[in-house]
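K.L.:
The sequence isn't on hand, but the structure is:
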């Protein structure tokens, strides 16, 4: 029996499974038989159960299906998408929060005392530094820790509109206009900034199977910030930090 690796988020829609590997920083799509096999393996099924399900759906020789199912599972394990044991199965589309001790609590408190615009610029710099070389995993873990202790403080130092404006201006101070459109580091920076200021924000990574596309954004009280609400509603929610 296999289980979904802790760093993988997935969702199935219209016979297409979207897989987000946070550790590798990759998004992929599985269709048809591959999507069916993933869904069964991801929910704890063994090779025999998956094989029986595939045989009921597709007219193919049983020996070929048995070989394909086994090869698919081994391939997913090799890629780090599935584990070979009974480890905890990741909830679809959601991420558990990890908590990192006194240093993160101190950092969140210290940054929240800075002027909002400076805090925003530093939030962007801290996220982008960790994302250098495309390291989504490092940046995602940082945002998780920073936000956990920012949320613990339960303080809001300014009106939300003022904070968003300070973020936009602070980011412009740090970055050229062409770099601001990168949704993933920008949204993670906004999430860290708002959380450390005591705002209960939510970070979302979403994707669509057709056309195959991805986007990341931040919400407060269900409303997308610095983004088009209609656009964000078109994406399936793969990974959520809140």
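P.N.:
Thanks, I have it. Only a predicted model underlies this, so the values are computations on that prediction, with no experimental measurement involved.
K.L.:
Only C-alpha atoms from now on, for both contacts and neighbour counts.
P.N.:
Fine.
K.L.:
Contacts only, for residue 39.
P.N.:
Neighbouring residues of residue 39 by CA atoms under 8 Å, 6 or more residues apart in numbering: 12, 17.
K.L.:
Ok, residue 111 next?
P.N.:
119, 196.
K.L.:
now residue 194
P.N.:
So residue 194 contacts 163, 200, 201 (CA under 8 Å, 6+ apart).
K.L.:
Under the pLDDT cut-off, which ranges of this protein? List them.
P.N.:
Within the chain, the stretches with pLDDT under 70 are 85-108, 149-158, 174-181.
K.L.:
Name every strand pairing with the host helix or strand of residue 205 and say which way it goes.
P.N.:
Assigned by DSSP states H and E, residue 205 belongs to strand 201-208. Partner strands for strand 201-208, per DSSP bridges, with pairing direction: strand 213-220 (antiparallel), strand 236-241 (antiparallel).
K.L.:
what's the most buried one of these?
P.N.:
strand 236-241 (a mean of 22; mean count of other CA atoms under 10 Å).
K.L.:
re earlier: which residues are in contact with the strand holding residue 205?
P.N.:
18, 187-188, 191, 194-195, 213-221, 232, 234-242.
K.L.:
Which parts of this structure are strands?
P.N.:
3-4, 8-13, 16-21, 26-31, 82-83, 201-208, 213-220, 223-225, 236-241 (DSSP state E).
K.L.:
Of all those, which one is nearest residue 115?
P.N.:
strand 201-208 (19.4 Å; CA to CA).
K.L.:
Residue 81 contacts residue 5, correct?
P.N.:
Yes: Residue 81 is in contact with residue 5 according to CA atoms under 8 Å; the separation is 5.4 Å.
K.L.:
quick one, which of those two is more surrounded?
P.N.:
Neighbour totals were compared for residue 81 and residue 5, and residue 81 leads with 24 against 20 (other CA atoms under 10 Å).
K.L.:
list the contacts for that one?
P.N.:
Residue 81 neighbours (CA under 8 Å, 6+ apart): 4, 5, 8, 21.
K.L.:
Pick out the residue nearest the middle of this protein.
P.N.:
In the chain, the centroid-proximal residue (CA atoms, centre = their mean) is residue 239; its distance is 3.4 Å.
K.L.:
what are the bridge partners for that residue, then?
P.N.:
In beta-bridge terms (that is, DSSP bridges), residue 239 pairs with residue 205.
K.L.:
Okay, it and residue 37: tell me how far apart.
P.N.:
Distance of residue 239 to residue 37, given as CA to CA, to the nearest Å: 21 Å.
K.L.:
Ok, residue 78 next?
P.N.:
Separation of residue 78 from residue 37 (CA to CA): 16 Å.
K.L.:
Which one's more surrounded, those two?
P.N.:
residue 37 (23 against 12).
K.L.:
what about the closest residue to that one other than its chain neighbours, how many neighbours?
P.N.:
Spatial nearest neighbour of residue 37, excluding adjacent residues (CA to CA, 6 or more residues apart in numbering): residue 50 at 6.3 Å. Applying other CA under 10 Å, we find 21 residues neighbouring residue 50.
K.L.:
show me the contacts for residue 50.
P.N.:
So residue 50 contacts 37, 40, 41, 69 (CA under 8 Å, 6+ apart).
K.L.:
OK, contacts around the first one?
P.N.:
It stands for residue 37. Contacts of residue 37 (CA under 8 Å, 6+ apart): 50, 54, 69, 72.
K.L.:
cool, and the third one?
P.N.:
Neighbouring residues of residue 41 by CA under 8 Å, 6+ apart: 1, 2, 3, 50, 73.
K.L.:
and the nearest residue to residue 138 once chain neighbours are set aside, how many residues sit next to it?
P.N.:
Nearest in space to residue 138, with sequence neighbours left out and distances taken as CA to CA, 6+ apart, is residue 130 at 5.9 Å. The tally of other residues near residue 130 (other CA under 10 Å) stands at 19.
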